[in-house]
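Engineer: task: produce atomic coordinates for the following.
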Amino acid sequence: MKNIVLAIAAMSCAAAQTPANLGLFEGAGDVGSPAHKGSVVYDTAKKEYRITGGGNNMWAKRDDFFFVWKKVEGDVAITANVKIVSGGAPHRKAGLVVRQDLEPGGVYGDAVVHGSGLTGLQWREKSDDITRTIHFPIEGPTRIRFERRRNNLIMFAGKEGTPFAEIGSTELAPFSPAYVGLAVCAHDDKAETVAVFSDVTVEQLAPTAKKP
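Structural biologist: Just a heads-up that it's a prediction; the model follows:
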């Protein structure tokens, strides 16, 4: 009987993360090797993602976090209301990510909000290289938009129900396809962080015209 119960529980966990239950996205799982494995629950009625993530950090030369993603070609924008709903380390993070691959040292860019309210744009230019960061004087925005237009990463932020403001950008060599999605990191490998993402959109953008 115990084995049957365990099998049913395992099937339930797997079903919670199948593509049919991920709304806009096609895959979900840990990047790196967090001690606490992450998970996602998608509420089809609310169109809301409740994501639990572990991991030591999304920074430096290695990332450990939970990622809900889809593969896209070309320019793209992802937008969401983002709210961290659990306590933990001040630099626990939730945000929007564009990655070249799912390796822990992969090339990427992200727009994140920390548990402390700090807002940042992060990117890694080469595999297994350092992460570069720009922090912005915007405390705890509740709605974020992240665009990848050729070699430009652009972050927009604002409060729910108010217009976006472009707050910063950087350059990153283009790559395609890209893994685009939602990320949560506990910034403490002994802990878990829970964040809720709502009103999520993923938009394919028209190609940016090349300058003559």
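
Engineer: what's the average pLDDT for stretch 95-111?
Structural biologist: Mean pLDDT, stretch 95-111: 98.

Engineer: and what of stretch 52-71?
Structural biologist: For stretch 52-71, the per-residue pLDDT averages 98.

Engineer: report the beta-bridge partners for Arg145.
Structural biologist: Counting by DSSP bridges, Arg145 forms beta bridges with Thr79, Phe156.

Engineer: tell me, what's the model's pLDDT at it?
Structural biologist: At Arg145, pLDDT is 98.

Engineer: neighbours of it, just the number please.
Structural biologist: Arg145: 21 surrounding residues under other CB atoms under 10 Å. Where you see a C-beta, it was placed from the backbone N, CA and C, and this is true even at glycine.

Engineer: what sits against it?
Structural biologist: Residues near Arg145 by CB atoms under 8 Å, 6 or more residues apart in numbering: Ala77, Ile78, Thr79, Leu96, Ala111, Met155, Phe156, Ala157, Phe164.

Engineer: which intervals of the chain have sub-threshold pLDDT?
Structural biologist: Low-confidence segments of the chain, defined by pLDDT under 70: 1-20, 208-212.

Engineer: for the contacts of Arg145, give me a markdown table that also has distance to Glu139 and neighbour count.
Structural biologist: What follows is the contacts of Arg145, written out as a markdown table (distance: CB to CB, whole Å; neighbours: other CB atoms under 10 Å):
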| residue | distance to Glu139 | neighbour count |
| --- | --- | --- |
| Ala77 | 24 | 19 |
| Ile78 | 22 | 25 |
| Thr79 | 20 | 18 |
| Leu96 | 18 | 26 |
| Ala111 | 15 | 29 |
| Met155 | 15 | 29 |
| Phe156 | 16 | 20 |
| Ala157 | 10 | 23 |
| Phe164 | 16 | 15 |
